[in-house]
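Below is the structure, and that's it, no one-letter string:
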């Protein structure tokens, strides 16, 4: 019988691959390989206003240069709009989603809180929000420890479909992970706050949520995470020094420096221990800043 473990790395093609993303890719790959599981790449290009085809290929080329290659065909969210619409309509029919025309300015005036319902003219552009009336969840993260989420607040009514017709990350990621039978998610701690809303969606659809693990973030000298929003530089393709720095942040202080990229991945797979990471790693600053900024 095939192994039940199915993991994934799901970058958004809004820019080239940067150091923080490569760290998440390597960690998810090691976790899958150590458990003889399947590892997938999914391109989360659901936001058509920010994603570009050129970045898709650049990301895939960079991953391949580090021998990180999907075990199955790569899924692109832009090809799955009808699926997201199908599941959105299920929520609407069950009165678990409602139309909204609130603006950021109006929400800001209300201390950022969203009313349980709002007046909406269906003849004009509107978004759809999840009606998270109640929901308390907990799970034990292998790195971050016990996590508790209470989404029974107006501010936790996430947008599922935007006014411009694009679906949100929250809905798309839950649908995709379920349909791809993802059993384990390894991702950055910056996404920890979205977990409660995703657990709510899993519950409404009657689906089993994957096991989740949230990696410590790598920050720059100002304490900002390494990300495209903070103008992180693209990493070079296939450089051993870059992979060694990734492994350093994943807890491997003594990785063999004379190994090839493939040998390093094999060695790290054998020695992978997520529990060696901790909250204390969140603010580590890489001394080789040309690799991560």
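That came through fine. Given the structure is predicted, the values throughout are model-derived calculations rather than measurements.

Leaving out the residues flanking it, which one is nearest to residue 199?
With CB to CB, 6 or more residues apart in numbering as the criterion, residue 199 has its nearest non-adjacent residue at 4.4 Å, and that residue is residue 137. For glycine as for every other residue, the C-beta is placed from the backbone atoms N, C-alpha and C.

The one you found: what secondary structure?
strand (DSSP: H, G, I helix; E, B strand; the rest coil).

Wait, it touches residue 198, no?
No - between residue 137 and residue 198 there is no contact under CB atoms under 8 Å: 9.4 Å.

higher neighbour count, the two?
residue 198 (24 against 18; other CB atoms under 10 Å).

The more buried one contacts residue 205, correct?
No - between residue 198 and residue 205 there is no contact under CB under 8 Å: 10.9 Å.

so what sits against both of these two?
Taking CB atoms under 8 Å, 6 or more residues apart in numbering as the criterion, residue 198 and residue 205 both touch residue 174.

Nearest spatial neighbour of residue 204, chain-adjacent residues omitted?
residue 96 (5.6 Å).

how many neighbours does the one you found have?
Neighbour number of residue 96 under other CB under 10 Å is 19.

go on, residue 152?
13.

go on, residue 262?
Summarising burial for residue 262: neighbours were counted as other CB under 10 Å, giving 10.

Could you verify that it is part of a helix?
Yes - assigned with three-state DSSP, residue 262 falls within a helix.

need the contact list for the closest residue to it other than its chain neighbours.
Excluding its sequence neighbours, the residue lying closest to residue 262 (CB to CB, 6+ apart) is residue 67, at 5.4 Å. With contact taken as CB under 8 Å, 6+ apart, residue 67 is in contact with 261-262, 265.

quick check, residue 67 in a strand?
No - looking at residue 67 with three-state DSSP, it is coil, so not inside a strand.

picking that back up, show me what contacts the residue nearest to residue 204?
130-131, 204.

export those to TSV and tack on neighbour count?
As requested, those are exported to TSV (neighbours: other CB atoms under 10 Å):
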residue	neighbour count
130	24
131	17
204	19
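
so of these, which ones are in helices?
Among the contacts of residue 96, DSSP state H puts residue 204 in helices.

Throw the contacts of residue 96 into TSV and include distance to residue 239 and pLDDT, thanks.
Formatted as TSV, the contacts of residue 96 follow (distance: CB to CB, whole Å; pLDDT from 0 to 100):
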residue	distance to residue 239	pLDDT
130	42	90
131	48	86
204	44	96
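
Tell me the one among the contacts of residue 96 nearest to residue 87.
Nearest to residue 87 among the contacts of residue 96 is residue 204, at 9.5 Å by CB to CB.

which ones are touching the closest one?
91, 94, 96.

Could you measure from the closest residue to the first one other than its chain neighbours over to residue 129?
Leaving out its chain neighbours, the residue that sits closest to residue 91 by CB to CB, 6+ apart is residue 97, at 4.0 Å. For residue 97, the distance to residue 129 under the criterion CB to CB, to the nearest Å works out to 6 Å.

and for the two, which residues touch both?
residue 160.

Please name the nearest non-neighbouring residue to residue 208.
Closest to residue 208 by CB to CB, 6+ apart is residue 202, at 7.1 Å.

for residue 194, same thing?
residue 170 (6.5 Å).

Can you say which helix or strand has that neighbour in it?
Taking DSSP states H and E as the definition, residue 170 sits inside helix 169-179.

can you list the residues that contact the following helix or strand past that helix?
Next along the chain after helix 169-179, taking DSSP H and E as the criterion, comes strand 184-188. Residues outside strand 184-188 that contact it (CB under 8 Å, 6+ apart) are 5-8, 20, 24, 27-28, 31-32, 37, 177, 210-215, 217, 225.

Residue 184 pairs with what?
residue 211 (DSSP bridges).

any idea how far it is from residue 238?
Taken as CB to CB, the span from residue 184 to residue 238 is 27 Å.

Show me which parts of stretch 180-200 are buried, residue by residue.
In terms of neighbour count (16 or more other CB atoms under 10 Å), stretch 180-200 has its buried residues at 180, 182-189, 191-192, 195-200.

hmm, I was thinking of stretch 252-266
Neighbour-count burial for stretch 252-266 flags 252, 255, 259, 261, 264-265 (criterion: 16+ other CB under 10 Å).

go on, stretch 71-90?
For stretch 71-90, by 16+ other CB under 10 Å, it's 75-78, 80-81, 83-84, 87-88.

Tabulate the residues you listed in JSON lines, adding columns for pLDDT and distance to residue 118.
Shown next, in JSON lines, are those (pLDDT from 0 to 100; distance: CB to CB, whole Å):
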{"residue": "75", "pLDDT": "95", "distance to residue 118": "34"}
{"residue": "76", "pLDDT": "94", "distance to residue 118": "33"}
{"residue": "77", "pLDDT": "94", "distance to residue 118": "28"}
{"residue": "78", "pLDDT": "92", "distance to residue 118": "29"}
{"residue": "80", "pLDDT": "95", "distance to residue 118": "28"}
{"residue": "81", "pLDDT": "94", "distance to residue 118": "25"}
{"residue": "83", "pLDDT": "97", "distance to residue 118": "27"}
{"residue": "84", "pLDDT": "97", "distance to residue 118": "22"}
{"residue": "87", "pLDDT": "98", "distance to residue 118": "22"}
{"residue": "88", "pLDDT": "98", "distance to residue 118": "18"}
